[in-house]
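J.: Structure, please.
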Amino acid sequence: MKRNKNVFQQFKYAAAVLLGMFFPGTAGFAQNAGILVEPLFGCQYGTLYEYVFANYGTNKSYRKLSQLDWEMKPIFYAGGKADILYKLFDFSFYGGGFFSTKSGKMYDSDWLSAYDKNIKTTYSISTNSLKKGAFFGTSFSAFFPLLSWLEVSPSVSVDYEYYYFSARDGYGYYGDSEHSKSNTDVSWTDQNATFYPTGTLAGIDYKRNQFFIWTGILSKFKPFNFLELSAGIYTSPFSIVDSVDHHFKLTDGKLTNGTFFYDSMYGFFGGWKIDSSVSYLINRHLSVKAAASWTLLNCIKGCTYKNTSSESGPYAKRSKSDSESGAGGEWWNWTISVIYRPVKAK
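T.: Model prediction:
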């Protein structure tokens with residue numbers, strides 16, 4: 001253990017010398033800074049929502065025309081986090097990637113009735129798969145000790161998330177006038193709704209980018225020297241969701257390009273998050289951590305664009321006076337990580 005301690009001290013001394021040579025005035029920072037390295041593995045469970053709202057009537061009121069529920073039940077990821085600690089401040093970077101996997105179902109609902117907006121005319125269920133995904137972020141926080149066993153930490157962070165889903169092997173009930181047996185708008189549960197078995201519906205791909213700014217406060221409790229508990233609550237002052245929804249066409253049993261819809265949405269204070277964690281200190285350089293968080297994104301709205309040739313465009317903007325897009329979601333995250341402190345702050 002003594003040998004390891006000497007190695008860490010030499011590392012800090014070498015870092016201080018190098019920074020002092022190339023960046024005068026930073027040597028003191030290097031000698032007093034701490035570093036945390038945290039590989040992690042996690043599971044995400046929840047649903048991302050995709051909406052279309054249509055403008056009907058003379059009073060220009062929007063109503064929900066379509067909703068697609070993309071399940072993540074569950075999806076798994078691996079990544080890491082690095083923290084630079086200096087006095088009362090913590091500056092961190094984190095990121096990782098999702099594993100490709102089946103992720104539950106995709107539920108597609110439409111309200112296409114021209115005379116009764118409350119009638120769900122179309123309902124289909126497909127097998128949902130996550131093709132790829134990633135996340136990156138950075139945060140800045142400051143720690144303020146209140147008691148020997150309690151400290152609070154206000155923070156600001158920026159998160160980016162990317163998901164690529166693919167829905168296939170769908171079946172459904174179509175009661176809109178174009179597909180129903182009566183050529184009138186009926187509920188999907190009506191006997192006149194047409195049933196399409198598995199293999200007769202074209203699939204949908206969904207690529208979604210999410211950007212969040214989070215601000216909130218975290219409390220840390222240390223009832224014992226070897227145990228640390230935390231709980232935090234955050235809101236998102238600003239969030240952005242961009243997505244591409246690719247509706248394939250089924251022609252002679254083969255998938256063809258179909259139609260691409262590009263949606264661009266943003267909102268203020270639409271996101272909320274709570275988290276908690278338990279950390280067990282093995283020794284001064286190593287600890288294990290289990291964490292859980294719940295995130296809610298209330299529906300944010302924006303513009304939608306349409307293209308029938310390729311994902312790259314060009315896209316034609318659909319008039320916002322006629323329709324607008326929406327995005328929301330709710331999901332849990334559970335992670336297990338190991339925290340390693342190669343350099344410990346004084």
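J.: When you work out contacts or count neighbours from here on, use the C-alpha atoms and nothing else.
T.: Fine.
J.: Now do the SS call for residue 201.
T.: coil (DSSP: H, G, I helix; E, B strand; the rest coil).
J.: May I have the phi/psi pair for it?
T.: phi -110, psi 140 (degrees, to the nearest 10).
J.: Leaving out chain neighbours, which residue sits closest to it?
T.: residue 170 (5.8 Å; C-alpha to C-alpha, 6 or more residues apart in numbering).
J.: cool, residue 62 as well?
T.: Nearest one to residue 62, counting by C-alpha to C-alpha, 6+ apart, is residue 55 at 4.4 Å.
J.: Am I right that the one you found is in contact with residue 63?
T.: Yes - with contact defined as C-alpha atoms under 8 Å, residue 55 reaches residue 63; the gap is 6.5 Å.
J.: quick revisit: which helix or strand contains the residue nearest to residue 62?
T.: Using DSSP states H and E, residue 55 sits within strand 33-56.
J.: Report the strands that pair with that strand, each with its relative direction.
T.: Here strand 33-56 has these sheet partners by DSSP bridges: strand 61-86 (antiparallel), strand 323-343 (antiparallel).
J.: Only alpha carbons, please: show it as CSV.
T.: What follows is strand 33-56 as a C-alpha-only set of coordinates in CSV (Å, rounded to 0.1, in the frame of the first residue of the first chain):
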residue,chain,number,x,y,z
ALA,A,33,-6.8,18.5,-7.9
GLY,A,34,-8.4,15.1,-7.6
ILE,A,35,-9.4,12.6,-10.3
LEU,A,36,-12.1,10.0,-10.4
VAL,A,37,-12.5,7.4,-13.1
GLU,A,38,-15.8,5.5,-13.2
PRO,A,39,-16.5,2.6,-15.6
LEU,A,40,-20.2,1.8,-15.6
PHE,A,41,-22.8,-0.7,-16.8
GLY,A,42,-26.5,0.2,-16.9
CYS,A,43,-30.1,-0.7,-17.9
GLN,A,44,-32.7,1.7,-19.3
TYR,A,45,-36.5,0.9,-19.0
GLY,A,46,-39.3,3.1,-20.3
THR,A,47,-41.0,4.5,-23.4
LEU,A,48,-40.3,7.3,-25.9
TYR,A,49,-43.4,9.0,-27.3
GLU,A,50,-43.8,10.4,-30.8
TYR,A,51,-46.9,12.6,-31.6
VAL,A,52,-48.6,14.2,-34.5
PHE,A,53,-51.2,17.0,-33.9
ALA,A,54,-53.6,18.2,-36.6
ASN,A,55,-55.4,21.5,-36.8
TYR,A,56,-59.1,21.1,-37.3
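J.: Report the buried residues of that strand.
T.: Buried residues in strand 33-56, counted by 16 or more other C-alpha atoms under 10 Å: 33-55.
J.: Could you do stretch 176-189 as well?
T.: Quick answer for stretch 176-189 (16+ other C-alpha under 10 Å): 176-177, 179-181, 184-189.
J.: Tabulate those (TSV), appending secondary structure and distance to residue 286.
T.: Shown next, in TSV, are those (DSSP: H, G, I helix; E, B strand; the rest coil; distance: C-alpha to C-alpha, whole Å):
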residue	secondary structure	distance to residue 286
176	coil	61
177	coil	64
179	coil	62
180	coil	64
181	coil	67
184	coil	67
185	coil	64
186	coil	63
187	coil	59
188	coil	57
189	coil	58
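J.: of all those, which comes closest to residue 94?
T.: The shortest gap between residue 94 and any of the buried residues of stretch 176-189 belongs to residue 188, at 45.1 Å (C-alpha to C-alpha).
J.: Got the phi and psi for the closest one?
T.: phi -60, psi -20.
J.: Help me confirm that it comes into contact with residue 118.
T.: No - with contact defined as C-alpha under 8 Å, residue 188 does not count as touching residue 118 (11.9 Å).
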